[in-house]
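K.L.:
Dropping the sequence and predicted coords here.
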Amino acid sequence: MWAYVARKLLYNIPVYLGILFLVMAALRVNDPVYAFLGKSASQDIIDTTRREMGLETPFLFDVAFWRGPWKERDVGHGGSAMVKGGGNGRFKVTWTAAIEPGEYELLATWPEMSGAATDAGIQVFDSARATERPEIDQSIPVGEGEGDVEVGGTSWRQFATIRFESRTARLVMTNKADGRVIADAIMLRPTEEGREPIVLDNADAGDDPDPATLGEDPGAEALGPDGRSFEAVGNEWTASKFGRSLWDNQYFAFLSRVFTLNFEERSWRSDKRPLGGILANAIPKSLSITVPTIILSTIIGICIALISAYFRGRAADRILVVIAVFGMSISYLVYIIFGQYWGAALPQQNNATFQPFAISGYEGWIGFREGGEFYFTPGMWVQYCLLPVMIGVVVSIGYDTRFYRAVMVEETNRDYIVTATAKGATKPKIMFVHMLKNAMIPVITRVMSTLPFLITGSILLEMYFRIPGMGFELINAINSTDFPVVQGFVAVLAAFFIVTIILTDVLYALVDPRVRLS
Amino acid sequence: MSKTNSGEPVLKVRHLTTRFRTDRGVVTAVDDVSFDVYPGETVGIVGESGCGKTVTSKSIMRLLPEQVTIIDEKSEIMFEGENIARLSEKRMREVRGDRIAMIFQEPMTSLNPVFRIGWQLDEALRYHTKLGRKQRRERAIEMLKLVDIPNPEKRIDEYPHQLSGGMRQRVMIAMALCCEPDVLIADEPTTALDVTIQAQILSLMNSLKEKLQTAIMLITHDLGVVAQVCDRVVVMYAGRVIESGPVADIFRRPQHPYTQALLDSIPKQGNKERGLRLATIPGIVPSLWDLPHGCRFQDRCKFKEQRCVDGEPVLEDGPDGRPVRCHFPLDEARHPQHLAGRHAEGA
Amino acid sequence: MALLEVRDLHKRFPKHGGVLNRVVGNVHAVNGVSFDVNEGEVVGIVGESGCGKSTLGKTVIQLLGATEGSIKFDDQELTSLSHAEMMPFRRKMQMIFQDPYSSLNPRLTVRQLLREAIRFHKVVGADQVEAHIDSIIEKVGLRPDSKDKFPHEFSGGQRQRIGIARALCLKPKFLVADEPVSALDVSIQAAVLNLMMDLKDEFGLTMMFISHDLKVVEHFCDRVLVMYLGHVVEELTCDNLHADARHPYTTALLGANPIDDPTQRRSLTILKGDVPSPYNPPPGCPFTTRCPVVKDRCHQEMPPLEDKDATPGHRAACWEVEGAGVASSAAAGEG
Amino acid sequence: MMLKRFLRSRGMRKLRRNRMAMVASAVIGLYALVALFALFGGVSLDDTKRRVWRENTPGFLQPMSKEIADYTLDWHADKWLRPKMEAARRASDERSRQFSFDTAALGQRTLADLPGDELIALWDEAAGIYDEWRELQDTADEANEELEFFRIDLDAERAKDAPDQDMIEELEGEIEYYEGQLEQAARAPELAADLRAKLLELHPVPTGVPGMVYRAKLWFGTDSKGASIIIKGLYATKIAFQIGFVTAVGAVLIGTLLGAAAGFFGRFVDEAVMWIVSTLSSIPYLVLLAVLVVMFRGSIFDNEARPALALVPLYAAFGMTFWVGTCRVIRGEVMKIKELEYVQAATAIGFARPYIVLRHVVPNTVHLMFINFSLLFIAAIKGEVILSFLGLGVKGQPSWGIMIAHSKDQVSSGFFWEILTATALMFGLVLAFNILSDALQDAFDPKHVS
């Protein structure tokens, strides 16, 4: 039997990974950074926020699937140039060079292409200090613009003169432009005479100048053998000249956090609450609604089913079936609206003496106060949770009764019931002893299959009665693309789901001897 | 051989008629069935599928679902001087399992899969006797020994799925006989079993009948089993009893054409002639919804005459002094060629 | 030359268990069976449930792939054929099934059922398909108007006739009948058996008749193979089955069969115990757990299936049955 | 062809005998007709937005109390007609004046077809009566209020042991004055009647067919924007049918294909399909939907302007989650059928496996497809309600979910017409499908017990 449980566990691991992948991928279709910063934020802020959020590493292997990476063309200086269509600046190239401090003229050259951008901007950094961001009109081919110069057989366009204090010059060009941006070669020509100009071509390869080190001064070793490097971010797939380990991505980072059970990750929303904290106070709220609902509706469901099966075919049975079907045909939301109206709003309106339920909201009824002192006030539970629980039970009774009735009635047709009758057993004896134990198997299946959805609580009830349970937090987190909370919750939920699947099998073994020993 | 039918029958069934309410209207599954069962005797109820033999047995035990079953007022099931057809449900429960017990065809599904053998065995004892837990367990183990189940002490705590088909049928028999009922109704007990296991069960039932003096009402479609085990036979066709009597007479000199045709259609053992064709009965059993006026076997009967079409024959004593329901019952004189070849000499 | 030659056929079903659902054991449904079927002959396969007779039938016509051993049909080895190469043989070898209620597709009328098979194998020209259907239906004794009815509109016996029609419409040479009459009442059983006999003679069919009922096999077949737990324990002709039977299991089977004559009432030979579980068969001869004449040698070695007495083709696999030749040493004995 | 065979099968004959099932299918047919009628122009999107009367008027059964009658009259004259007529008066040319007149129309109830000037003259008269009536109303209200205070003071004064006489006289004088005012106001109802007649003259209720249509629109009252609830209900029926049908067909098809493939071909196909099924079914249904909607946010599907496109996220959401149930059921059934003898017979004849799946296996699961279709139809409709409430579902057009969600606040103020209409319409359709799916299960599934 334990081999069976182990196999089930092994089988569910890929399912678990599948769940996390599905949710994380779905959330990342729209770039979350823009959801937070809006469209207009500058490239720089975008980069820093992206790193804070841990989004700078690729999701899995950063297949920029339909965005397409920088395309390499074998034209232009040094036999190659990189081209990227205009966009929101997510794709950028960086030229880095080790230089002697001093004033330099910056010249650029690129192969002529149709649809080139008119405002291709290059942000120049003096090590970490951002200097100017001149724009080049690449639609005018090099050589035809005024002021273009001929150096070493290729024509260049001078676009800025900058004084550098540090020993590193870094030029960053993004695809935030109105047309195609062409990144080919840059020349730094010192204004003082007698010093050689430095040519940076997109073919140079740096060792591993991690863009994350944009802030510090990349030491010499970070640059290529001749002190130059070129790297195109958002383009790891093709042009990334430095290797990124396969495991260095958001998915595995998250998985490592899950399997080491650390919940320190902070919510992105303003209050930056730790995930563990949110979970800790959300789960009890959800449970205080769904656990009573499940217990009550199962018990009531089974009782009604037993009555219905007992009077099978007679009036009582038909009435119960009709009520169940009628109940199921009304939407869950209508029950909630009228439930809240009659339960809470009406008594309050004509300020009836007996006002049992609050219209919405939640007060802790059990737990530890700040001082660690334990409190248990059932009155609070009645006031805030009993109404949603009753609504939940009323709604699920229709479904439960039909299911359990079908199970009971099916059991009554089994041969062993006829044998028991032939032995002289009374009808209640048959129902409550023979049949009930056999019926436990489908009952367990049903109850256990709703167990994992316990902790998300009834999302609708929580949203409507504004009880900040796990479902409520989850939906809000999703709407505000609060990745850590969403991912954390889904991880916990999926884990809980797999645990209940295993638990179901264990319970089967307890109830059904055939499973235990086979 | 058959018991001498001295004294009162333990079970007297007179004009038993059972109808079912279906969405196509009311249908009569068992029509005016009468027969007796004497103490210590095995009566075989024989007939092809759909002839009402199982409905007859379940009507006696009132195991059919109440809402759809109508047992006609004129049905009489006399047992211990009472018409148990009219008994209240409460009184009937006292009879079931204690005075009349029943075993079924599918050993695989007739036992409750989630309860131990021991629990199910002493359930009847719990209902009908005042025995304490320990005595009940001893009684149960004793019964398991009686039905030749090896090491019963271990088996009693096992679950039904741990036993083979034959073993389960033995448990069923033990369960039925633990209150020493007067009548055991066995509804096709060996049909689902293999031949060798069937042999074991049949011989067990025979030996128990001797030991416990229980009358057995055996429902089957296998004429071999009937010949092997039964003392008297009741042949049914389309819900009606068409012939009954001691087993030797029925097999030797069947009076109803259907019985005779049934016997002929069984492949003979022993001397084998190449390419011998079996006797068959043309046509199919009439549907209970549109029964023909007159004799129900008329469309398939070789000896059909106009009288068979006009009126239905009544179950009355034929030339051999045995009840038969046919206007022209077979007898030596009129149908020598049919009866002569019947088992004159040994196999 | 025999139409069908089966040599040392094995069929094993893997049993899965353990954490990784690996194969932890094998059920030997068919365990080294060898036999021949000559043209026009009817060979019976008899045995209790779980003895592998159905599996043998399905493996012979390649419904199930054989694990080991060779099956030669018309002198062509079947086990190595691809799906396409198997096609002509599919047509020549057909099967009749047991349960009338699940052997016919409930959504197809009789005409569609037959037309589908005929057109697939192009048994007759496109224009004669209807005529061919009518003739087959008439041959199996069904009313012509039943062509456009659904299976649920027929009785058990009639459905078996449709099953037979489906097999015959391809004009096969070899027919495997897997318990064709077991689910029918005695009178209908007789009618279907007669029909099968007529068709055998008319079409000159060679048949393999699988059943658990010895009376039916004795009546219908020329020769019979008695199987027990995947092995053939005895092979003999049916002419005088009762007298010829030598293997203890066969005699037990015959003895346990209640014959329909009260005057012949005799105590049925009782075999104690149950068929052992196929998951762990007993060592040596499989019948050791129930055999009335078991010796310790039976536990050690599996007795080979060999000729035991003068009558040709009468073979038995049992140490206790004196061999026709010298006291049979282990090595002797056929394949 | 397959359908013909299916219709003649045993199950369908049993189904036809089940009266309840026939009634249910008739009801569904009726709903389908309404949906088709609405689809082919019967009820257009802006029909559902056009104002027919004042906000939140109750439906046909509720009697009009006096206050509501006065309030309605006041709304009709002052809030509805006044701005239109004043605009018409100020209109420079004939065309814009006519335009103002047209805006005064309430659905089929247009202004009387008299020349412009006469209309304005009529309106002036009506305005005069209205002003006078209004004034009387105000004085009456004020008088009542004052009287109440003074009476209290008077009683209090009298109850004192040393009542101050001149105070009492003064109070009695005030009371007398205001009672006089009330008498004058007694004429108010009469004035109201004149005003109502005048307005009817100016803005007559249409007769004949448009009259019937107009009255029909008011049967179930109007919503918070004055639009007819019954029209919104009918349009929502179309939406519900659309959502239910597309989702159910899509889910059943995907579910059947994958289920049949997994069930018949087993091993790898089975493992892969069951992995997807387990993954999708272990995320709570609403969480998955919310995530999907975030995926579509900002895309072309996410704007009110094009309501048809706004449904795509809903379909995607349902599409991803609903097929899972069908897939499991069909897979179980196919695995059972695969072992049956008629499939083995087909293999024996030599048909290729895919042919056997399509010809012999899948047709025998048709009954399960129908059962699942009706179950999923219901699930889609009920799912839409919840999604619309959470703001993730239908956008830009009325649906039952939108109607129920919007009516949340109306309920607390006692106005139930919108929520009851939506619930009643939905109840009818969902109940019919429930009964039908039960009947289908009885007719086809031997094991199922009603």
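P.N.:
Here it is on my side, so go on.
K.L.:
make it CA atoms for all contacts and neighbour counts henceforth
P.N.:
Fine.
K.L.:
Tell me how many other residues crowd D:P354.
P.N.:
Around D:P354 there are 13 other residues, counting by other CA atoms under 10 Å in any protein chain shown.
K.L.:
er, D:A262 I mean
P.N.:
25.
K.L.:
burial count for the closest residue to it other than its chain neighbours?
P.N.:
Excluding the flanking residues, the one nearest D:A262 by CA to CA, 6 or more residues apart in numbering or on different chains is D:D270, at 4.1 Å. When neighbours are defined as other CA under 10 Å, D:D270 has 18 of them.
K.L.:
likewise B:V229?
P.N.:
B:V229: 24 neighbours (other CA under 10 Å).
K.L.:
related to what we said a few turns ago, please, which helix or strand holds the residue nearest to D:A262?
P.N.:
helix D:267-281 (DSSP states H and E).
K.L.:
returning to that earlier point: touching, the residue nearest to D:A262 and D:V277? I think so.
P.N.:
No: with contact defined as CA atoms under 8 Å, D:D270 does not reach D:V277; the gap is 10.3 Å.
K.L.:
gap between the residue nearest to D:A262 and chain C?
P.N.:
Per CA to the nearest CA, to the nearest Å, D:D270 is found 15 Å from chain C.
K.L.:
Name all residues that make contact with that residue.
P.N.:
When contacts are counted by CA atoms under 8 Å, 6 or more residues apart in numbering or on different chains, D:D270 touches D:A261, D:A262, D:G263.
K.L.:
ok, stretch A:355-364 near chain D or not?
P.N.:
No: using CA under 8 Å from any CA of the partner chain, stretch A:355-364 stays clear of chain D, coming no nearer than 11.1 Å.
K.L.:
residue ranges with poor pLDDT in chain A?
P.N.:
A:1, A:31-44, A:46-47, A:54-69, A:88-90, A:202-248, A:270, A:453-457, A:516-518 (pLDDT under 70).
K.L.:
how about the helices of the stretch 101-250 of chain C, start to end?
P.N.:
C:110-121, C:129-139, C:156-168, C:186-203, C:214-220, C:241-244, C:248-256 (DSSP state H, counting those that start in this stretch).
K.L.:
would you put the C-alpha positions of stretch C:96-108 in CSV?
P.N.:
Presented in CSV, the C-alpha positions along stretch C:96-108 are these (Å, rounded to 0.1, in the frame of the first residue of the first chain):
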residue,chain,number,x,y,z
ILE,C,96,-16.9,-15.6,-32.9
PHE,C,97,-17.3,-14.1,-29.4
GLN,C,98,-19.1,-15.1,-26.2
ASP,C,99,-21.3,-12.3,-24.9
PRO,C,100,-24.1,-11.6,-27.3
TYR,C,101,-24.6,-8.2,-25.5
SER,C,102,-21.1,-6.8,-26.0
SER,C,103,-19.9,-8.5,-29.2
LEU,C,104,-22.0,-6.2,-31.5
ASN,C,105,-21.5,-2.4,-31.8
PRO,C,106,-24.8,-1.0,-30.5
ARG,C,107,-24.7,2.0,-32.9
LEU,C,108,-24.4,-0.1,-36.2
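K.L.:
That stretch vs chain D: in contact?
P.N.:
Yes: with CA under 8 Å from any CA as the criterion, chain D is reached by stretch C:96-108 at C:F97, C:D99, C:S102, C:S103, C:L104, C:N105, C:P106, C:R107, C:L108.
K.L.:
Now the two most distant members of these.
P.N.:
Farthest apart among the residues of stretch C:96-108 next to chain D by CA to CA are C:F97 and C:R107. That separation is 18.0 Å.
K.L.:
hmm, what's the outermost residue in chain D?
P.N.:
Largest separation from the mean C-alpha position in chain D: D:A162, at 66.3 Å (CA atoms, centre = their mean).
K.L.:
Just give the closest residue to the residue in the stretch 201-347 of chain B positioned nearest to chain D, not the sequence neighbours.
P.N.:
Of all residues in the stretch 201-347 of chain B, the one sitting closest to chain D is B:W289 (16.8 Å; CA to the nearest CA). Residue nearest to B:W289 in three dimensions, not counting chain neighbours: B:V27, with 6.6 Å by CA to CA, 6+ apart.
K.L.:
Go ahead and report the secondary structure state at the one you found.
P.N.:
strand (DSSP: H, G, I helix; E, B strand; the rest coil).
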